[in-house]
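*Asks:* My questions concern the predicted model and sequence given below.
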Amino acid sequence: MGFWGLIAADVRAKAEWLYGAGGAKNLLKALATDGTFAMVMYRLMQASQRLHLAPLAMVFNKINGVLGRCIIGRGANFGPGFVLIHSYGVVINSAVRGGRGVKLEHLVTIGAERQAAPVLGDNVFVGAGAKIIGAVRIGSDTKIGANAVVNRDVPDGATAVGIPARIIERGGGGE
């Protein structure tokens with residue numbers, strides 16, 4: 001999927017998350033909400049990286065830090081439908097990988113530990129203030145609760161909450 005396709009998928013996913021549908025009016029509203037600027041800067045940075053334009057990628061990264069109020073490493077890779085519901089304080093390590101439909105609230109940290117970074121499946125929701133650290137796998141159709149600290153794998157369809165995070169629901173997660 002190309003740059004414009006990724007942007008369209010991201011904004012559509014945000015409109016559906018926030019307003020329940022991706023119609024033209026909701027797409028315009030989603031474009032104007034907090035976090036969308038940071039999503040676009042991330043995709044521009046990612047495209048620059050793919051085109052081997054490292055200085056331009058660095059510029060988009062810095063713009064995102066200052067204006068988008070989030071830090072997303074230049075090597076981080078998320079599939080279509082990546083949504084920053086609120087971008088303030090989001091920090092993502094360069095080695096993080098995420099599938100389709102990853103949605104993050106504000107103040108989320110997804111970080112490496114000893115050079116090992118998390119891998120997120122498809123349709124993952126991460127609540128405000130949550131931390132996902134180290135060589136963990138977050139399964140598809142999962143929810144990570146606000147302020148949870150995840151340092152172990154979370155299976156598909158699970159909901160994890162607490163410090164350290166524990167599974168409170170299995171098989172009923174996702175959107």
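*Replies:* Arrived safely. Numbering: from 1, shown residues only.

*Asks:* CA atoms for contacts and neighbours, from now on please.
*Replies:* OK.

*Asks:* so where's this structure uncertain?
*Replies:* 172-175 (pLDDT under 70).

*Asks:* where do the helices sit along it?
*Replies:* 3-19, 24-31, 36-50, 54-63 (DSSP state H).

*Asks:* for these, which one sits closest to His106?
*Replies:* helix 36-50 (11.7 Å; CA to CA).

*Asks:* ok, the nearest residue to Ala158 once chain neighbours are set aside - contacts?
*Replies:* Residue nearest to Ala158 in three dimensions, not counting chain neighbours: Arg170, with 4.2 Å by CA to CA, 6 or more residues apart in numbering. With contact set as CA atoms under 8 Å, 6 or more residues apart in numbering, Arg170 has these partners: 155-159.

*Asks:* run the last query once more with 10 Å
*Replies:* By CA atoms under 10 Å, 6 or more residues apart in numbering, the contact set of Arg170 is 142, 154-160.

*Asks:* try Ile144
*Replies:* Residues near Ile144 by CA under 10 Å, 6+ apart: 104, 124-128, 130-132, 138, 150, 154, 158-162, 165-167, 173.

*Asks:* 7 Å instead, please
*Replies:* 125-127, 159-161 (CA atoms under 7 Å, 6 or more residues apart in numbering).

*Asks:* what about it, distance to Asp10?
*Replies:* Ile144 sits 20 Å away from Asp10, going by CA to CA, to the nearest Å.

*Asks:* Then Pro55?
*Replies:* When CA to CA is applied, the distance between Pro55 and Asp10 equals 25 Å.

*Asks:* burial of the residue lying closest to Asn26 once chain neighbours are set aside, as a residue count?
*Replies:* Distances taken as CA to CA, 6+ apart place Ala15 nearest to Asn26, at 5.5 Å, with adjacent residues excluded. Residues near Ala15, counting by other CA atoms under 10 Å, number 24.

*Asks:* For Ala15, which residues are in contact?
*Replies:* Per CA under 7 Å, 6+ apart, neighbours of Ala15: 21-22, 26-27, 30.

*Asks:* Asn64 too?
*Replies:* With CA under 7 Å, 6+ apart, Asn64 has these contacts: 38, 41, 70-71.
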